[in-house]
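# What shape does this take:
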Amino acid sequence: APDLTASIAERLATSPRRLRLRQGNRSNRSGEAVTFRFGRSGFRWGDSGPIVLAIHGWEGRAQQFSAIGEALAERGYRLIALTGPGHAPGDRERAHPGVFVDALFEAASELGEVHALIGHSMGGGAALLAASRGLSVRRIVTVASPAGYRGVLHRIADGLGLNHRGRAGFLARMEARTGFRLDETEPLRLMPRLAVPVLIAHDRNDCVIPHQESRELARHAFLAQTLDTQGLGHGRILSDDATVHRIVEFLTTPEAGETT
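Have a look, this model is predicted:
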């Protein structure tokens, strides 16, 4: 039943697990809760200065950016981290890169000028897509982000054991759901459209998004720096002191962004 299988796969790929979200939200981190006029929520570090807009990944949370937010606030910047669609308590919206991109545009329209974007995992892909579609920023940081959405979906299809017809139907449904073609997210097409410096951070031991995908992003980028870490995995990289320092330097130093 390939049609039914594709439908079930689409729902699984766009429905964050409620238990995982509740467990993540129990963590006690810094940051001031904020609510946007369009109904979304997030956290803020810093009261004034240039704005850095951040968005987490699949089953992530805004307060994962606490360490970066505190460090940026000390430099006179503001970090505003969004809670992605489908990830707030009681929010049953389907979650995928398309609505994450929409959320970034909505937040930017309310905040005004945005200095930079930071995205973790799926949020990194959304940040790149948003910038390629006209969201004006001066810097972009991706952390543990995939090289395109097609590979992510194929890994999901592999995990579910989809056959050829079920897989094809699943990919077609996800294109319709997200509102963009999968080839639009491929590094070869996406990265050359970004004329701003990009810092691509990824851990060599990431078991969720393979480290090699950071190399694909960098290979096709116009201006890119790479930051490789070891032993931090997919999530802890956001709170590692050395990684936080490098990200903050990249975002706040005028000379940052030259190709290395």
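# how about the strands in the protein?
All strands of the chain, identified by DSSP state E, fall at 32-35, 41-45, 51-55, 78-82, 116-120, 139-143, 198-203, 224-229.
# so can I have a markdown table of those showing distance to Ala71?
Yep, even glycine has a C-beta here, placed from its N, CA and C like the rest. Listed next are those as a markdown table, based on distance: least, Cβ to Cβ, whole Å:
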| stretch | distance to Ala71 |
| --- | --- |
| strand 32-35 | 16 |
| strand 41-45 | 9 |
| strand 51-55 | 11 |
| strand 78-82 | 9 |
| strand 116-120 | 12 |
| strand 139-143 | 13 |
| strand 198-203 | 14 |
| strand 224-229 | 15 |
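# Can you tell me which of the ones you listed is nearest to Ser7?
strand 51-55 (27.3 Å; Cβ to Cβ).
# So which elements touch that closest one?
Contacts defined by 3 or more Cβ pairs under 8 Å, 6 or more residues apart in numbering; DSSP states H and E place strand 51-55 against helix 66-74, strand 78-82, helix 97-111, strand 116-120, helix 122-132.
# Mind doing that once more with 6 Å?
The helices and strands touching strand 51-55, judged by 3 or more Cβ pairs under 6 Å, 6 or more residues apart in numbering; DSSP states H and E, are strand 78-82, helix 97-111, strand 116-120.
# Turn the strands of the chain into CSV, columns for distance to Val244 and mean neighbour count.
Listed next are the strands of the chain as CSV, based on distance: least, Cβ to Cβ, whole Å; neighbours: other Cβ atoms under 10 Å:
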stretch, distance to Val244, mean neighbour count
strand 32-35, 19, 12
strand 41-45, 12, 21
strand 51-55, 13, 27
strand 78-82, 11, 26
strand 116-120, 11, 28
strand 139-143, 10, 27
strand 198-203, 10, 26
strand 224-229, 11, 18
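# Can you convert the ones you listed into TSV and add a column each for mean pLDDT and distance to Arg173?
Converted to TSV, those look like this (pLDDT from 0 to 100; distance: least, Cβ to Cβ, whole Å):
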stretch	mean pLDDT	distance to Arg173
strand 32-35	92	32
strand 41-45	95	29
strand 51-55	98	23
strand 78-82	97	25
strand 116-120	98	24
strand 139-143	97	26
strand 198-203	98	29
strand 224-229	95	32
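# among those, which is nearest Gly90?
The nearest among the strands of the chain, by Cβ to Cβ, is strand 41-45 at 11.0 Å.
# Can you tell me the closest non-neighbouring residue to Asp91?
What sits nearest to Asp91 in space, not counting adjacent residues and going by Cβ to Cβ, 6 or more residues apart in numbering, is Pro85, at 7.0 Å.
# In contact with the one you found, which residues?
93, 95, 99, 103 (Cβ atoms under 6 Å, 6 or more residues apart in numbering).
# so, if you compare the residues you listed, which one comes nearest to Gly159?
Ala95 (17.5 Å).
# Just checking, which helix or strand of the protein averages the lowest pLDDT?
helix 18-25 (a mean of 64; mean pLDDT, DSSP states H and E).
# sorry, back to before: for the contacts of Pro85, which one is nearest Asp183?
Val99 (19.8 Å).
# any idea how far Asp91 is from that closest one?
11 Å (Cβ to Cβ, to the nearest Å).
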